[in-house]
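here's my sequence, what's the structure:
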Amino acid sequence: MFDKLISFVLEEEGGYVNHPSDPGGETKFGISKRSYPDVDIKNLTKPQAIEIYRKDYWKDEWEKLGLPLAMCMLDTSVNMGMSRANKFLSGCGGSYVTFLQLRIARYKEIVANRPASQVFMKGWMNRMARLRRFIDGNKEDTGVPNNSRTGS
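Numbers count the residues shown, from 1 in each chain. Okay, here's the model as predicted:
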């Protein structure tokens, strides 16, 4: 499942960026210099980034959650950290829709506490919409009852 899900993350994270308002600093494929000070971010390859994601941002047991929640866990771990992803999982009641709503609420909280982050809000909301479309387009891979993935 990881191989299918990581393609979404890599597409979302994109190439090399060094935005002055990003507290992560220099990033490529979503791998930040702040989190990986010993990695040559500018020359990081896609296979190297995938290996970092597999090692540090993925748990094999997430496959038991089914694709919707596994995707939420991976993408949130990358974007907000694994502890935040675990918090959302605990609070979502098995619904990936609720999980995404918790994540949106956290983005709003980030902007309220750090107004300089407002510059990222449109991108975050667009990412959430694309994440929802990715999950909805791959529901046949869920492995969980229908009501668990729709939030109904």
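
going by C-alpha atoms from here, please, whenever you check contacts or count neighbours.
Noted.

show the contacting residues for the residue positioned nearest the centre of the chain.
In the chain, the centroid-proximal residue (Cα atoms, centre = their mean) is Asp75; its distance is 1.7 Å. Counting by Cα atoms under 8 Å, 6 or more residues apart in numbering, Asp75 touches Val9.

mind doing that once more with 10 Å?
Residues counted as contacts of Asp75 (Cα atoms under 10 Å, 6 or more residues apart in numbering) are 5-6, 8-10, 12-13, 57-58, 69, 81-82, 85, 127-128, 131.

now, of those, which are buried?
When the contacts of Asp75 are checked for burial by 16 or more other Cα atoms under 10 Å, the buried set is 5-6, 9-10, 12-13, 57-58, 69, 82, 85, 127-128, 131.

in helices, which of these appear?
Secondary structure defined by DSSP state H assigns Leu5, Ile6, Val9, Leu10, Glu12, Glu13, Leu69, Met82, Ala85, Arg127, Met128, Leu131 of these to helices.

any weak-confidence spans in the chain?
Low-confidence segments of the chain (pLDDT under 70): 21, 23-24, 140-152.

if you set the cut-off to 80 instead, what comes out?
Confidence mapping of the chain against pLDDT under 80 gives the ranges 19-25, 139-152.

now the strands for it?
Along the chain, the stretches classed as strands by DSSP state E are 27-28, 31-32.

got those as a markdown table, with distance to Lys42 and mean neighbour count columns?
Rendered in a markdown table, the data for those read as follows (distance: least, Cα to Cα, whole Å; neighbours: other Cα atoms under 10 Å):
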| stretch | distance to Lys42 | mean neighbour count |
| --- | --- | --- |
| strand 27-28 | 7 | 23 |
| strand 31-32 | 10 | 23 |
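
got those as JSON lines, with distance to Ser117 columns?
Shown next, in JSON lines, are those (distance: least, Cα to Cα, whole Å):
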{"stretch": "strand 27-28", "distance to Ser117": "16"}
{"stretch": "strand 31-32", "distance to Ser117": "17"}
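
would you map the helices across the chain?
Chain-ordered helices for the chain, with DSSP H as the definition, fall at 2-13, 46-56, 67-80, 82-91, 96-113, 118-136, 146-150.

which one of those helices lies nearest to Asp22?
helix 118-136 (8.7 Å; Cα to Cα).

which strands or helices does the closest one pack on?
In terms of contacts (3 or more Cα pairs under 10 Å, 6 or more residues apart in numbering; DSSP states H and E), helix 118-136 is packed against helix 2-13, helix 67-80, helix 96-113, helix 146-150.
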